[in-house]
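[1] can't give you the sequence, but here's the structure:
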C-alpha cells in the first residue's frame, strides 16, 4: 500500500461468498506485483491437489508504483496453468491497475468456486458476489457491455471477463481486460471458468493525498518528458510492434507456416506499414501511459448479400500478426483482423491458438489426423477453415478438438508430430526465430515466454555468438525483470526505467532502497518462482526442443541441436548455484 | 559512383522523410558508413541488407548497390 | 489576455488519463483521478471515442455561480468561475446547475471541484488534445 509498510490483500472465497482483508507487513519487502503475487501463490497453493481443483488460488497483484508514474500500468495474475501444468504468470494493462490502486487493494486472492456462475464487483467500500447465470455463454464483448450498463462507475472502472472458451476450460483461454487488453497466456481464462467466475468489475476512486509532492512531481515530470519527447518510445506508438514483420522477414527470422519457413513470401502484405495504411483507425493507451501503443485496425465485413456491411475493430500487435498471420500463411491484413476478432470474442489466447492450428494444419497434411476429425480442410492460407476451427476449439466440438483445446504439446502426444509442435515448456512459441536466444529464452523463462528474459533481442544485440555470454545475459535479464515486474513497469518502457530512475521514483514515494536492494529483490522473487515450479512438479531436465527449430534456418543461420542442449545445461547449472546460496 | 539507400517508414524520420535516396560516394565505403552519413543513428540500426542480402558491417559497396536499412526488432 | 481550456482534439485522445492524474496531482496534491476537474471517459465502452467533461468557461451568465447561495463562486475573467472555499457550505447546488455536468464534487472535503483553467492538463496531454485559448475579458 503506497505510503504504508504493508501489502493490503483482499481474500475472496467463491465457495462461501465471504471476504477477508489482511495488511501483510511480511510481504512489504517483495515490493508488489510478481513479488507479492508469487509469495501469495506459494502460500495458498495446494500442491497435493489437482491443478484445477476449486481450492487452488488465483492471485492478482499491482505494483509498488502502479499508475502514479508514466507507463507503470500493469497487473500480474498468478495461478496454476492448465496448459503447461505448472507456473502460470500473466500480465495485463488496461485500467485494472489504476482501479485496484484507487479501490485500495494491492493484491487479490481468489479461492474456491461458485456453485452457480457469478461475477464480483469491488469498490473502495464494498465487495459483492453477483448472479452471472444469464451471462454464462456470452462473448467477451457482450459481457463487457452488460456489466458496464449494470454497474456504476464509468470512467474509473475496469471490467475483466472470460468468454465461452474459458467457460469450456480450453487450456489457453484468456481473460479479456477492458476490451482491448488481456491476460493472454497460459490459460487463466480456464481457471476462472473452472471457478464459474465470469467477470470482475473494479471501481477505483478513493482519496489518496500525495505525501511528498515536490519530490514526487519532479520525478514524474522527468519521466513523462523522457517517455514522450525521446524516440525511445515512439516506435511503440507510430506503427507499433507490427513494424517487426519487415525486418524479421528480411533477415529470415519470421516463423511462417508452422515454422516450415522463416521467410514469408507474402510478408509485405501483412507488414506493419500495410496495416497502418489499410486498417489502422485509432490508437489507445492503458491508463497512466502517455505512449498509446494499442493499435486498432478496422475491416469491413460483408455479412449478407445485398451489400450488407459492418465495420469491425480489433486491436492488433506483432505477436498476433505472426500467430494468426505468417504462421498460418494468411496473406492479407483484413483476414488476420478477422481471425483476431474471432479469437477475441471467444476469449482465446491469440498466440497459442495460431500455433496450435499451425501444428494441426501440418498434421493433417501428413495424415497424422484426418478431415473426419478436423471437420474443416485446414490448410495454410485458408482463413475460413481456420475461423471455423477456432470456434470448434472454443466449444470442444468433438474428441479431436477437445484434445486440440489442451495445446499443441498434448495434441502431439496423442496424434504424433511432436517435432513440429512448436512449444517451449508446453507453451506455444512466440514470433521470433532469431537464434539460440529465441530458443533458450522461452525454454528457461519462468513462464516460458519471450518476455521472461528477452532472449530474442539478445540474439540481435550480440555481435558474435558466445555461449557463456548468452547464458549470462539471459540469467541476468530474467532476474532483472522479476524486479521490474514487481513495480509493475510495462516492459516497453524498460529502457526508460533504468536502475537510477527506479530508485528515484520509489524513493520519492517513501521507499528507502538502494541499487543492491533492487538486485536482491529480483533474485529473491526468481527463487520463489522456481520453488513454486518445483512444487508444481516442473523439472527443467525433462525439457525437449522440437526438432523443427533446427531444421528451419533462423535469423542467425542454421541452429545446432547439440549447442541448444549445451546452453540449456549451462543455464540449469547457474540456477542450481543460485538456489544453493542463502537468501540475501 | 552511385548507390541507392532505401529506408522504411520508421527510419525515414532521420532522412527528412525520404524513403529512397540516391547517394554519390567515392573510394571504398561500407554500407554502414553510408547509412550513418544519411543521418540514421547507430543505435537505431537493426541490420543492413544490400541487393536483398544481409551483409556484415564491413561490406564494401559496389556501383549501383541498393542498400536497405532495417530498424531494431522491438517488443517486450 | 485571459485563457480558457478547450478540448479541441478529443478525436485524437488515446485515453491515457494523464490529464486527470496531472490535475489531481498539481491542484489537489492527490493521486486519485476522482479529484480531477477534467474527466475523460468513453462515450460508451472502449469501442466508442473518448469525450471530455470539463468546464466550458461560460461567460456573462454562469449558471453555477447563479445557483450558489453563499457567493462562493466568483466570476473568473475570460470565463468560468473561481471557488472561494471558505464561503462554500457544500450544498451541491452548483453541481446540479451545470448543464454539461462539469462541476464535480469532492465528498471527502465536501467542496465542488471546478476547473480553474490553469492549463496543467493541456501541458501534460501527449497528443495535443487540449489547448489553452486566448479569450476576451467579459468582466
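    Happy to help now that I have it. These figures come from a predicted structure and were not determined experimentally.

[2] Just confirm residue A:23 contacts residue A:8, I think it does.
    Yes - between residue A:23 and residue A:8 there is a contact under C-beta atoms under 8 Å: 5.6 Å. Every C-beta, even on glycine, is put in place using the N, C-alpha and C of the backbone.

[3] Can you work out which residues contact both of those two?
    Counting by C-beta atoms under 8 Å, 6 or more residues apart in numbering or on different chains, the contacts common to residue A:23 and residue A:8 are residue A:1.

[4] ok, so what distance separates the closest residue to residue C:84 other than its chain neighbours from residue C:92?
    Spatial nearest neighbour of residue C:84, excluding adjacent residues (C-beta to C-beta, 6 or more residues apart in numbering or on different chains): residue C:72 at 5.0 Å. Between residue C:72 and residue C:92 the computed distance is 12 Å (C-beta to C-beta, to the nearest Å).

[5] quick one: which of those two has more around it?
    The residue with more neighbours, out of residue C:72 and residue C:92, is residue C:72; 22 against 15, by other C-beta atoms under 10 Å in any protein chain shown.

[6] and the gap between that one and residue C:80?
    Residue C:72 sits 14 Å away from residue C:80, going by C-beta to C-beta.

[7] Please look at residue A:291 and residue A:223 and confirm they touch.
    No - using C-beta under 8 Å, residue A:291 is not in contact with residue A:223, being 11.8 Å away.

[8] quick one: which of the two has more around it?
    Of the pair residue A:291 and residue A:223, residue A:291 is the one with more neighbours under other C-beta under 10 Å, namely 26 against 21.

[9] show me the contacts for that one.
    By C-beta under 8 Å, 6+ apart, the residues touching residue A:291 are A:71, A:227, A:228, A:233, A:236, A:237, A:285, A:492, A:493, C:16, C:126.

[10] Next: residue A:309.
    Neighbouring residues of residue A:309 by C-beta under 8 Å, 6+ apart: A:300, A:301, A:302, A:303.

[11] what's the neighbour count on residue C:14?
    Each residue near residue C:14 was counted by other C-beta under 10 Å, and the total is 24.

[12] Am I right that it falls within a strand?
    No - the secondary structure assignment for residue C:14 gives coil rather than a strand, going by DSSP: H, G, I helix; E, B strand; the rest coil.

[13] per-residue confidence for it?
    Confidence at residue C:14, expressed as pLDDT, is 94.

[14] can you give me phi and psi for it?
    In this entry, residue C:14 is assigned phi and psi values of phi -100, psi 0 (degrees, to the nearest 10).

[15] which secondary structure elements does the lengthiest strand in chain A contact?
    Longest strand in chain A, counting residues (DSSP state E): strand A:294-304. With contacts defined as 3 or more C-beta pairs under 8 Å, 6 or more residues apart in numbering or on different chains; DSSP states H and E, strand A:294-304 has these neighbours: strand A:280-284, strand A:308-316, helix A:333-346.

[16] Near chain B, which residues of the stretch 301-450 of chain A are found?
    Within the stretch 301-450 of chain A, the positions lying close to chain B (C-beta under 8 Å from any C-beta of the partner chain) are A:318, A:432, A:434, A:450.

[17] The last one against residue A:456, yeah?
    Yes - between residue A:450 and residue A:456 a contact is recorded at 5.3 Å, counting by C-beta under 8 Å.

[18] The residue nearest to residue C:43 when sequence neighbours are not counted: what secondary structure?
    Closest residue to residue C:43 apart from its sequence neighbours, by C-beta to C-beta, 6+ apart: residue C:51 at 5.2 Å. Taken by three-state DSSP, the conformation at residue C:51 corresponds to strand.

[19] follow-up on the earlier one: out of the contacts of residue A:309, who's the most crowded?
    In terms of neighbour count, residue A:301 stands highest of those at 13 neighbours, by other C-beta under 10 Å.

[20] Correct me if wrong: that one contacts residue A:314.
    No - taking contact to mean C-beta under 8 Å, the distance of 11.3 Å between residue A:301 and residue A:314 leaves them out of contact.

[21] where exactly do the helices run in chain B?
    In chain B, helices defined by DSSP state H lie at B:31-37, listed in chain order.

[22] and it, which residues reach chain A?
    Taking C-beta under 8 Å from any C-beta, the part of chain B that reaches chain A is made up of B:8-10, B:13, B:44, B:46-47, B:49, B:54, B:68, B:70-76.

[23] Which among these count as buried?
    Among these, those scoring as buried are B:8-10, B:44, B:46-47, B:49, B:68, B:70-76 (criterion: 16 or more other C-beta atoms under 10 Å in any protein chain shown).
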